[in-house]
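Novice: this one's sequence-less:
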């Protein structure tokens with residue numbers, strides 16, 4: 001999705017090859033390790049979810065408003081919350097609220113698991 005933010009400002013759209021090169025770069029891979037077939041699959045899924053549209057009579061795609069807003073939102077959530085939250089959960093020297101909530105949630109799941117097994 002981060003790649004969509006790059007293509008969001010391009011009026012002439014982007015191709016399978018453009019997306020393949022950029023996604024490989026974002027994943028830290030050489031461009032030849034991401035196949036055209038993998039990128040075609042990604043394009044098909046993005047299109048089916050309304051994130052991109054195909055430019056008629058071409059092999060180019062544009063990012064929709066929905067795609068741009070969704071990509072921006074999820075990238076912000078990932079960068080701001082997910083990475084920080086995972087760091088808090090793995091820090092065993094302190095007990096921040098997120099780690100306490102995670103422990104309580106896991107304990108509740110464990111209780112539910114035992115209750116369900118006993119009922120079955």
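Specialist: Nice, I can see it. Note that the coordinates shown come from a computational prediction; the quantities given were computed from them, not determined experimentally.

Novice: got a list of what the closest residue in space to residue 10 that isn't next to it in sequence touches?
Specialist: Spatial nearest neighbour of residue 10, excluding adjacent residues (Cβ to Cβ, 6 or more residues apart in numbering): residue 62 at 7.7 Å. For the C-beta atoms, the positions are set from N, CA and C on the backbone; glycine is no exception. Residue 62 is in contact with 7, 10, 11, 13, 14, 52, 53, 55, counting by Cβ atoms under 8 Å, 6 or more residues apart in numbering.

Novice: next one: the host helix or strand of residue 62 to chain centre, how far?
Specialist: Using DSSP states H and E, residue 62 sits within strand 61-63. Averaging C-alpha positions (Cα atoms, centre = their mean, to the nearest Å) puts strand 61-63 18 Å from its chain's average.

Novice: so after it, what's the next helix or strand?
Specialist: Remark: after strand 61-63, the chain's next helix or strand is helix 65-77, criterion DSSP H and E.

Novice: who's in contact with that next one?
Specialist: Helix 65-77 is contacted from outside by 1, 2, 4, 5, 8, 46, 50, 51, 52, 63, using Cβ under 8 Å, 6+ apart.

Novice: buried ones among those?
Specialist: Buried residues within the contacts of helix 65-77, counting neighbours by 16 or more other Cβ atoms under 10 Å: 4, 8, 46, 51, 52, 63.

Novice: tabulate these (a markdown table), appending distance to residue 86, pLDDT and secondary structure.
Specialist: A markdown table is the format used below for the buried ones among the contacts of helix 65-77 (distance: Cβ to Cβ, whole Å; pLDDT from 0 to 100; DSSP: H, G, I helix; E, B strand; the rest coil):
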| residue | distance to residue 86 | pLDDT | secondary structure |
| --- | --- | --- | --- |
| 4 | 23 | 88 | helix |
| 8 | 27 | 73 | coil |
| 46 | 26 | 96 | helix |
| 51 | 25 | 94 | coil |
| 52 | 29 | 96 | strand |
| 63 | 28 | 94 | strand |
